[in-house]
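Chemist: quick one: sequence and predicted model below, then my questions.
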Amino acid sequence: MFSKKAICPLFFIAIFINFVSIMKIVLVGAGNLATCLGRALMTAQHEILQVYSRTIESAEALADIVNGQAVNDLSLLTDAAELYILSLKDNVLEEIIPQVCQGRGAKVFIHTAGSMPLSCFKGFAEHYGVFYPMQTFSKSRTVDFHEIPVFLESNDEETRSIMASFARSLSDRVYYLETEKRKYLHLSAVWACNFVNHCYMMASDILQNHDIPFSVMLPLIDETARKVHSIAPRTAQTGPAIRYDENVINKQLELMSEDELGKRLYQLMSESIHERFGSDK
């Protein structure tokens, strides 16, 4: 939950809607986020007319879930939708936006990228915005969208109203956040999720190489995550790097002698932790 201090610059959207109109939607993209979003859209009873992907197999896999038509040619996109949701890699997004928006002036177009600006639609669409659900998504896992914080941005008030209503049909935690702040939110998410998961992978590789199951780590991982629900990450930090226990650190670096990149990461992480706790000693 955001503190009152944190909520103020985010312009929390306290819009409580008794009735949310069902929207006709085209999903452009069929990856992890699009798949999880598609399931949520179905739960909220929105109508997904089409799913586009460059490969028909990917489009069909998601289209089967959301009861839509699969297409792998942008020229086949229907004009019957009210909302076009683009869930694509950043470099692909800029390439496809002009093609998706062309000739559909009255429609609303949104992308789901945390790192891409609102302005990437400028000059190609009249009504556009950003719908950034801050969560990690995998096709194989179903997530509860109502618990996911969603960050919105739009180019005008009409689009903002439509997007707010749409977002509230999916999530109970809807915020408005401009591009400049969202890029720092996304950066923080990379540290808190992607880099942390890479650390899990590093640990998993070490354990696997010595015939130890990764499952023994799960209670530790769970408690580490639980702690930051009630205490600050700085308070939760433990381990030899805080006091820079060279005896332990050097021994562990020796154990990683065959993994030069892993050793560098370990060293840099230890130095970063120690530096940030230097003022506490």
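Modeler: The structure has been received and is ready for your questions.

Chemist: those helices in the stretch 151-281 of the chain, which residues are they?
Modeler: Secondary structure of the stretch 151-281 of the chain, counting by DSSP state H, counting those that start in this stretch: helices at 157-168, 179-189, 196-209, 218-227, 233-236, 240-243, 246-255, 260-277.

Chemist: quick one: contacts of the second one?
Modeler: Where contact means Cβ atoms under 8 Å, 6 or more residues apart in numbering, the residues beyond helix 179-189 that reach it are 9-10, 114-115, 117-119, 130, 132, 134, 151, 153, 177. C-betas here are computed from N, CA, C, even on glycine.

Chemist: please identify which of these is nearest to residue 210.
Modeler: Residue 210 has its nearest neighbour among the contacts of helix 179-189 in residue 134, at 35.6 Å by Cβ to Cβ.

Chemist: all strands for the protein, in order.
Modeler: Counting by DSSP state E, the segments of the chain that form strands are 24-28, 47-52, 69-71, 83-86, 108-111, 127-133, 149-154, 173-176.

Chemist: take the ones you listed and lay them out in JSON lines including mean pLDDT, mean neighbour count and distance to residue 184.
Modeler: Below are these laid out as JSON lines (pLDDT from 0 to 100; neighbours: other Cβ atoms under 10 Å; distance: least, Cβ to Cβ, whole Å):
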{"stretch": "strand 24-28", "mean pLDDT": "98", "mean neighbour count": "23", "distance to residue 184": "26"}
{"stretch": "strand 47-52", "mean pLDDT": "98", "mean neighbour count": "23", "distance to residue 184": "31"}
{"stretch": "strand 69-71", "mean pLDDT": "98", "mean neighbour count": "19", "distance to residue 184": "36"}
{"stretch": "strand 83-86", "mean pLDDT": "98", "mean neighbour count": "24", "distance to residue 184": "22"}
{"stretch": "strand 108-111", "mean pLDDT": "98", "mean neighbour count": "25", "distance to residue 184": "18"}
{"stretch": "strand 127-133", "mean pLDDT": "98", "mean neighbour count": "24", "distance to residue 184": "12"}
{"stretch": "strand 149-154", "mean pLDDT": "98", "mean neighbour count": "22", "distance to residue 184": "11"}
{"stretch": "strand 173-176", "mean pLDDT": "97", "mean neighbour count": "20", "distance to residue 184": "14"}
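
Chemist: now distance to residue 37 too, for these, in a markdown table please.
Modeler: Shown next, in a markdown table, are the strands of the chain (distance: least, Cβ to Cβ, whole Å):
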| stretch | distance to residue 37 |
| --- | --- |
| strand 24-28 | 7 |
| strand 47-52 | 10 |
| strand 69-71 | 16 |
| strand 83-86 | 7 |
| strand 108-111 | 11 |
| strand 127-133 | 7 |
| strand 149-154 | 10 |
| strand 173-176 | 15 |
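
Chemist: shaky segments in the chain?
Modeler: Within the chain, the stretches falling below the threshold (pLDDT under 70) are 1-20, 279-281.

Chemist: domains in it, by residue range?
Modeler: Taking the TED database as the reference, the chain has its domains at 24-177, 184-278.

Chemist: what about residue 87, neighbour count?
Modeler: Residues contacting residue 87 under the criterion other Cβ atoms under 10 Å number 24.

Chemist: and residue 42, by the same measure?
Modeler: By other Cβ under 10 Å, neighbour count at residue 42 equals 15.

Chemist: ditto for residue 163
Modeler: If you count neighbours by other Cβ under 10 Å, residue 163 ends up with 25.

Chemist: got a list of what it touches?
Modeler: Each residue near residue 163 by Cβ under 8 Å, 6+ apart is listed here: 108, 110, 129, 131, 152, 154.

Chemist: repeat for residue 138
Modeler: With contacts defined as Cβ under 8 Å, 6+ apart, the neighbours of residue 138 are 32, 36.

Chemist: which residue of this structure lies farthest from its centroid?
Modeler: Residue distances from the centre of the chain (Cα atoms, centre = their mean) peak at residue 247, which lies 39.0 Å from the mean C-alpha position.

Chemist: where's it relative to residue 203, distance?
Modeler: Residue 247 sits at a distance of 21 Å from residue 203 (criterion: Cβ to Cβ, to the nearest Å).

Chemist: ok, now residue 69?
Modeler: 43 Å.

Chemist: same question, residue 114
Modeler: 26 Å.

Chemist: between these two, who's got more neighbours?
Modeler: Under the neighbour definition other Cβ under 10 Å, residue 114 and residue 203 were set side by side, and residue 114 has more, 20 against 15.
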